[in-house]
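1. Could you look at this predicted model? Sequence included:
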Amino acid sequence: MIDTHYAAGFFDGEGCVYIGKNKPRRDRQSASPDYRLYVKIGNTYRAVLEQFRERWGGSIYSYPPKANRRRMHDWAIVSNQAVAFLKDIVALLKEKQLAAKFGIQFQEHRRKQYGGPGRLTEDELRSYEMHFRLVQITNRGY
């Protein structure tokens, strides 16, 4: 099993935390934007990403090589799986600790939207948008 310290260092160098924001569908006038926490690591060495998937779940996506480059792979996890991973490594992070903390905070305060996205209150929208922007700003430093 992958060591937590190794995972944190690998993530600090190769990973990212972001909050995705999808616009509401046009056929749902009452729906609000849908915000989700994402964690991703990209690397050419698939075997190490398999270890992340074995320990924390998620999916691995592979992309064909471009020009004189090797095949690229992404490990990705979303929402509660993402926050579980971040909680395991946040204290060990150096570069991405602030983004990880904002991501955890966002997910812990995120309203459960059963049956698909619904109308968010103004306070929820403000909170989600604030976290969305905070993670964007912290990612610009990397």
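-> Arrived safely. Numbers count the residues shown, from 1 in each chain.

2. so where's the longest helix in the chain?
-> helix 122-139 (DSSP state H).

3. Determine the set of other helices and strands touching that one.
-> Packed against helix 122-139 by the contact rule (3 or more C-beta pairs under 8 Å, 6 or more residues apart in numbering; DSSP states H and E) you find strand 15-22, strand 34-43, helix 97-109. Backbone N, C-alpha and C define where each C-beta goes, glycine included.

4. closest to residue 74 out of the ones you listed?
-> Smallest distance to residue 74 across the helices and strands packed on helix 122-139 (C-beta to C-beta): 4.9 Å, for strand 34-43.

5. Okay, buried residues for the next helix-or-strand element following that closest one please.
-> Toward the C-terminal end, the helix or strand that comes next after strand 34-43 (DSSP states H and E) is helix 46-56. Buried residues in helix 46-56, counted by 16 or more other C-beta atoms under 10 Å: 48, 49, 51, 52, 53, 56.

6. out of those, who's nearest residue 104?
-> residue 56 (14.1 Å).
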